[in-house]
Every structure is written in C-alpha cells, then in structure tokens.
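Enquirer: Just the structure for this:
(chains A and B)
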There are 2 protein chains.
Amino acid sequence: MKPLKIGVAGLGTVGAGVVKLLAAQKELIATRAGRPIMVTAVSARARGRDRGVKLDGLIWYDDAVALAHDPDVDVVVELIGGADGKAKALAEASIAAGKHFITANKALLAVHGAALARAAEANNVTIAYEAAVAGGIPVIKVLREGLVANKISRVAGILNGTCNYILTVMREEGRGFSDVLADAQKLGYAEADPSFDIDGVDAAHKLAILAGLAFGVRIDFESLHIEGIRRVSALDISFAQELGYRIKLLGIAEETEAGISLRVHPAMVPEQKPIATVDGVFNAVLLEGDYSGPVFLRGRGAGEGPTASAVVADLIDLARGICVPVWGMEESALEEARIVPMAELASAYFLRLMVVDQPGVLADVTAILRDHGISLESMLQHGRKPGEAVPIVLVTHETREAAVNAALAGIAALPAVLEPPALIRIEPQ
Amino acid sequence: MKPLKIGVAGLGTVGAGVVKLLAAQKELIATRAGRPIMVTAVSARARGRDRGVKLDGLIWYDDAVALAHDPDVDVVVELIGGADGKAKALAEASIAAGKHFITANKALLAVHGAALARAAEANNVTIAYEAAVAGGIPVIKVLREGLVANKISRVAGILNGTCNYILTVMREEGRGFSDVLADAQKLGYAEADPSFDIDGVDAAHKLAILAGLAFGVRIDFESLHIEGIRRVSALDISFAQELGYRIKLLGIAEETEAGISLRVHPAMVPEQKPIATVDGVFNAVLLEGDYSGPVFLRGRGAGEGPTASAVVADLIDLARGICVPVWGMEESALEEARIVPMAELASAYFLRLMVVDQPGVLADVTAILRDHGISLESMLQHGRKPGEAVPIVLVTHETREAAVNAALAGIAALPAVLEPPALIRIEPQ
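Expert: Here you go, the predicted model:
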C-alpha cells in the first residue's frame, strides 16, 4: 500500500527520537498501520550535528515552513516548540496546504488551539497532539475517544516531571528547593533556565489542553491560575508528611456550579491516594467520568522514547485513516469557558505561620480566623521555645479562598507573626 | 447527518445501561460523534420485565440473531455473554450480514477471536470490544492505538474486581476466604456461582485478549495457566504484609526468551508498587512498552456505568468512521503464540510450610532446597511451640518453577510437614 510520507521539523531529542523509532520499528509499524510510514524531508538549524540517526536521502530544508509546500510530504510533524514564531507559521502553512499536522507543542495548542482547529476544519485536515501532554501516557486519546461517552467533571494531574522530581527528592532527602534544583540541573532533569517548568507554565499549557477537551470549551490561557513550586519549603513537606499528605504540583480542572475551576499550584494530597504515590519524573492524570467513574493513568511524561511513542501513535492513526475532531467536536460546537475566580474556590487549606512563641499569639490568630468564618480541622505546634520563632500549622475545614486571603492579611499584620504565612491547598482527589 | 442505528442484544444490567447512557447523553454523543446514535431494535428473553429504561418504538426480537438481518440496524451490540451459543451465532450472522459487531463478551473473544476476525475482514466490517476487558479503563484502545508504536514486553493486571474485593477485605479485616466470599455474595460483588470469577477464568479470558493484542499472536485459550484465589489463606496474607507485599490475583503476559509466559495466579507484589495499592473492586493494568516505558491504568472494571461507557465509546468510534483492525493488524499477520510451560518459569517464590516444631525439621527442609539448587532470600518463623504445628515461611531467590515443584514434593513427604506447602509467586512489577 502507498506509504505515508512525513516531514519532520526540529531534530532535537524528540525529533531525532521520532526518526529513530520509525526506523527501528519499521516493519511492526507497517504491519499495524497497514502501510509503511517514511520520513521524506526534515528541517533543523544545524546541518552538521551528529544526532545518532541516519538522514541520508532525505530532503533537508533550512526553513521549516518549506515542509508545508513539499508535494512529497503528506503529514508535517512539528517538534520545534514555542507558542509563536516558526512553529505557528509552520502549523498555519501546513494546514493551508491541506496537510495533516502533528505536534508535541503544548504552548502552541494551549494558546492558539481553537484558531488552528478552525483552520484545520476549513481545510479538511486534522491536528494531532498526543505528545503535547504527558508524553508516554496516551491521555489525549483516552479523553477524546476512550471516555468520549462521559461528561467529565474533573481532571487532576501531575503534568510536569521536573517539578515532581524536585518535590520527591526534597521529601526523600529532607533538602531545600534551591539545593535540589541545582542538582536536577546538573542531572539534566531541569533546564538551565528552569522557570517554564518550576513556575508551573508548562503544566498550565498541558492543563489548558486537557480542560478544553474534557469540557468542550475554548480556553483563554491567560485565565488560568498558575503557581509554581519555588515557595514550597522543606518544612512544609515535613509537616505534610506528619499530617498524612504528600505535596504535589497539580494541574486541576473541575466543573463547579459557578463554572470551571482551572489552576496549577502545589497541593496536599492524602498519601494513600493514587496520585500521591507518583514519585520522581513520572506524570499521572486522574479523569472523572460520570459513567466510567475515576480513571487514573500513570507513566513517563517526557523524554525521547515516551514522546516519540506518542508522535508515532498519531502518525499510525493517520495511516489507518483515523481522524478525530481536534477538540473532540467541531470547533463551532465549543463553548466559551466560564472560569471561576480563585477567590471563589472552596477548599481546605494548610496554613503555616512563623510566630514568636509568646502568650496570646494563638488567641489572636484564632480570633481572626473566627471573624472570617473559618473553622479548623487541626492545629500543630511542636515543643516550646519561649521568645523564639516557632512554626504553627493550621488545617482548615472547607472554606472560600477569599475568606482565607482576608484572614491571612490580618494574621500577617500581627506583630508576633514574623514572615508571610505559607498557604497550600488540600485536594481530596 | 445520518444517524448510526444500532440493535442491542441482551438487556441485563449492561444492555439496559447502554440504552440509558445513549438516551441520557444523547446531545453530547451526537456532538462528539458528528451524528446521532440511536437504538432501533432490541432483543432479550423477558419482554415484560421493568429495566428502568424506555423501549417504546423499538423493534423487539425474541431471537437475537434476527438483529443481524434487520436492514434498519447498522451495528449489532452483543451483551448476552458466553463463548458459544447465541452470542457466537449472533456474531457470525452480524458479520456475514456486513454489520459491525460490538461486544462486551470476553469469553467469545478469548476463545473465537481469531476466527471471528478473519470473518470480519472478509466482510469488511470490524469487531469492537473495549467493554470486554477492564470495563471503564480504555485498555484496548491504549494497547491497540495509544501504544501502537511500541513492542510490548509485558502486560500485568488486576482483571477481576470480585477477586480483588475479596482479597482486600481478607487483608483489611484479617478474615478467611469462605467467610468473605459469603459476604461478597450477599452484597452482590460475587455471583451465586462464583467459580468463573474466583477460579480465575474471567481474568484469564481478559488476559488472553490483552496478550493477543500486545504480542500480535493467536492464543489458544487452553494454553493459559489459571489458578484462582480459593487457596489464599488469611495466614499468607498476613505473612505477605510482614514481608512488605500485597497478594493480588494477577493476569500476566510477558515475552521471555523461551516464548510468552501467560498465566493467572495469586501473586505477591511489593507494597509500594502501583498495582499493589489497587484495592476493592478496582481493576488495573500495567503495560510495558519499549519506547513509552511503563504505562499504568486504574479504574472501575465492571458495573453498569463503566461497561456502558466502554460500549458507547466503541459506538462513537464507528460513528466517527474509526475502524481499527480487530487484533491491531490483519489476522493473517498474527503469529502462533509459543507459550512457555509453567515448569520453565523463572520467579522468586513465597513458600509456607506447616511443620511440627521439633529439632532437625529446618535442616531437612533446607537440605532439600539446596539439593534442588534453590537459594533463600529470607526465612520467617515466629516464636516456638515445641511439639506443635508452626508455620515456616521461605522466600527464594529467582529459580525455575520445576525445581521448586520438585523440592516441594520432597518437603511435603517429610514426616514433620503436616499439610501441602503453600506456594505464591513473587512478582517484582
């Protein structure tokens, strides 16, 4: 049968990985796809670099956008990255040229996903992006096809392996954030400029994609609440353990009566819950369907092999003639997402204060909480150091974030409170 | 757009659940599928019974096979069950009539899957069976499409919720098997005749399907090694905990140098591994891909909602025009499975003996193990009761099952050994 001919833009770790996988599993892929899949053209900046992969006989373009115009390319695979610039230009050119477009680019999809889907529909092609979220876990397929018969009420996930690795090492070794980050950078688990990962932006891109699919809505990426892990302290990780929780950077999208709550932040999860047990660089996603019940997925979220596995799965779908609407339905059927402001979030909270150990502090703190209608589930204070700084931990019952913020402003202003209180939301999962 | 018209055979819990789901999510399904999905005909034994679902206006057939010949039925959904009889006749008739066939029938697929796939190919239709394995977990889709670019080296799963529920309660409450089974029957978690579940046959049907897909082979169902949970004792569950393990009924299919190892049996899993933490009626599957790495899935394995969710996902696939080869490739491309005899299995073993507490017993036991080349990782014996029966637990290093069997025959013949030794394989996951 006629081979599916592809052009690969970007030959970094993932791009080279895709070329390698297609070569190594050539026969298996042809058997399963019903036809061969072959790379005919590539584009990357440095021609000379050794990528550990054979590129002989392939057409090389210096400008990736040229792939869109090569008549010998059926499908364009974009592995350049970035929400705008070359990646976006290539997406638009490929779609306009009537070519299917496959990408691992979460930023592009999170920011321009709806517009690109409209263009794809108009040109009768599809956009596939299994590799954009959670690498080796086929969560796009599970959401868009496997659980397609369900209303999804909640998506919660560990979507960034770098953060999960750092939080895991902090807990296991009782070390501080900066220290562990420096090690992660040496080991290649964190980038030289780690902010995209550790400030939660990468997880937020993935969450925006999952939420759009889960709820059938257009999401304005600017509407997400995003907190990273810079302010998670070894002290709070240790208190979490004492209280039976693990601290994870979660992406959460949930349907509430007031609209969709959409947020990335560190969260305390009861330690026996599946998501709490996911350590190291692993990713995980929990999906709540009204008929399926909870479906939990765990696997490698990044790296050459898992990402290539996802890209090639998309290619085999196309070779088999499988085309699913980009957002699981026609773009015109998507609704505008109504996002609930964080102030309206109802949650339980872990609060940690550093106070001078002197009589009356606790009475002041609890009076402020009472005045804002906040009741406590538990309180933790270890030992006594009269006149010195000691941590006090308060765990609230479910309450509104606005009330907690107001109470914390009052508490922070108390003379005996020495630094801004720490706040970590508690997620029941 | 033209609706997809379906005929439903069998209106038990699952059949009624499918009709209910299609009605309740009618608009959502039409939006996502791109066309309406409507039930036009049904078949079930008792016409009068109240199933909590509206059947007005539907054609009713007393003989399910008549659905295959109704020109107003595009797709036949078989929810009758059983490897042969009516279900098989309906499958054959539907396929011969050029209709796609959707089923939740694991026995039918496990026993006649290859022959039915050949017939389906010859008639240019497909067979879809997401509901046959692990209910709400879309594991067929994950294996056949999501991880399609991978060679799968191993599938291991908790595939029967009844067994997992019983083992969970036995552990949590320290109770015996028969006692917990009786309770499970009262609660509706186990059938009046529970043998299909607790003797491992149901799990084996599901494993045969997963193995066929994972390895691209035809499987002779008779070649599976099947042990159930009747002989798991409260004592062994307690020893397992002490050693840091959980006992789970696992279905395991793995590629080894000698061929495929294919078996259902109770297994000890290290308690921190994902599969060990899956309790109650939940199912879980671990898939090992050579590029994706390990992918772990967990969810509800049975019940009206999860099973209906899977059946309707298959329907929406068809409505969207998605057809995947039944076994992930053309039937003629499947190979014959070479199954490794259990005697050749290499595993670590938990062995428990009941012995008279008298001098020399341990020397005799360890001499026999040594004579069969079996080395021990650990040994457990609590307290002393001279002249009375005490349990001795032995944990071996990896060894051949043939050697263990031979050693156990010798050990069982010792006068001080009071009952047949218990053997539970240890799975590293």
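Enquirer: When you work out contacts or count neighbours from here on, use the C-alpha atoms and nothing else.
Expert: Will do.
Enquirer: burial of the residue in the stretch 301-429 of chain A positioned nearest to chain B, as a residue count?
Expert: Closest to chain B within the stretch 301-429 of chain A is residue A:306: 3.9 Å, counting by Cα to the nearest Cα. Residue neighbour count, defined by other Cα atoms under 10 Å in any protein chain shown, stands at 30 for residue A:306.
Enquirer: roughly how far apart are the residue of the stretch 101-250 of chain A found nearest chain B and residue A:53?
Expert: Residue of the stretch 101-250 of chain A nearest chain B, by Cα to the nearest Cα: residue A:136 (4.7 Å). Separation of residue A:136 from residue A:53 (Cα to Cα, to the nearest Å): 21 Å.
Enquirer: Out of these two, name the residue with the larger neighbour count.
Expert: residue A:136 (32 against 14).
Enquirer: Helix or strand: which one has the residue nearest to residue A:349 when sequence neighbours are not counted?
Expert: Sequence neighbours aside, residue A:425 is the residue nearest to residue A:349 in space, at 4.7 Å (criterion: Cα to Cα, 6 or more residues apart in numbering or on different chains). Assigned by DSSP states H and E, residue A:425 falls within strand A:422-426.
Enquirer: Residue A:38 too?
Expert: Judged by DSSP H and E, residue A:38 forms part of strand A:37-43.
Enquirer: With residue A:178 instead?
Expert: Using DSSP H and E, residue A:178 falls in helix A:177-187.
Enquirer: do you know how far the closest residue to residue A:61 other than its chain neighbours is from residue A:33?
Expert: Nearest in space to residue A:61, with sequence neighbours left out and distances taken as Cα to Cα, 6+ apart, is residue A:43 at 4.8 Å. Counting by Cα to Cα, the gap from residue A:43 to residue A:33 is 25 Å.
Enquirer: coming back round to it: can you tell me which residues contact the residue of the stretch 301-429 of chain A closest to chain B?
Expert: Taking Cα atoms under 8 Å, 6 or more residues apart in numbering or on different chains, we find residue A:306 in contact with A:135, A:136, A:137, A:300, B:291, B:292, B:293.
Enquirer: Next, it: phi, psi?
Expert: Backbone torsions of residue A:306, given as degrees, to the nearest 10, read phi -60, psi -40.
Enquirer: same question, residue A:309
Expert: Torsion angles, degrees, to the nearest 10, at residue A:309: phi -60, psi -40.
Enquirer: For it, report the pLDDT, please.
Expert: On pLDDT, residue A:309 comes in at 98.
Enquirer: From residue A:311, how far out is the spatially most central residue of chain A?
Expert: The centroid of chain A falls nearest to residue A:203 when counting by Cα atoms, centre = their mean (2.7 Å). In this view, residue A:203 and residue A:311 are 19 Å apart by Cα to Cα.
Enquirer: Repeat that for residue A:16.
Expert: 12 Å.
Enquirer: next one: residue A:47
Expert: Where residue A:311 is concerned, residue A:47 sits at a distance of 23 Å (Cα to Cα).
Enquirer: repeat for residue A:119
Expert: Distance, residue A:119 to residue A:311, by Cα to Cα: 21 Å.
Enquirer: got it, and residue A:421?
Expert: Shown here: residue A:421 relative to residue A:311, a distance of 44 Å by Cα to Cα.
Enquirer: The two: which is more packed in?
Expert: residue A:311 (30 against 18).
Enquirer: Skipping its backbone neighbours, what lies nearest the more buried one in space?
Expert: Nearest to residue A:311 is residue A:131, by Cα to Cα, 6+ apart, at 5.6 Å.
Enquirer: quick one: contacts for that neighbour?
Expert: With Cα under 8 Å, 6+ apart, residue A:131 has these contacts: A:103, A:104, A:105, A:307, A:308, A:310, A:311.
Enquirer: Before we go further, it is sitting in a helix, right?
Expert: Yes - counting by DSSP: H, G, I helix; E, B strand; the rest coil, residue A:131 is part of a helix.
Enquirer: Please tell me how far it sits from residue A:328.
Expert: 16 Å.
Enquirer: for residue A:55, same thing?
Expert: Taking Cα to Cα as the measure, residue A:55 falls 35 Å from residue A:328.
Enquirer: Which strand residues bridge residue A:285?
Expert: residue A:157, residue A:297 (DSSP bridges).
Enquirer: which residues does it contact?
Expert: A:139, A:155, A:156, A:157, A:158, A:159, A:275, A:296, A:297, A:298.
Enquirer: per-residue pLDDT, it?
Expert: With respect to pLDDT, residue A:285 has a value of 98.
Enquirer: just to revisit the earlier point, so for residue A:55 and residue A:328, which residue has more residues nearby?
Expert: residue A:328 (24 against 15).
Enquirer: quick one: the helices in the stretch 301-429 of chain A?
Expert: A:304-319, A:361-371, A:401-412 (DSSP state H, counting those that start in this stretch).
Enquirer: Much appreciated, bye for now.
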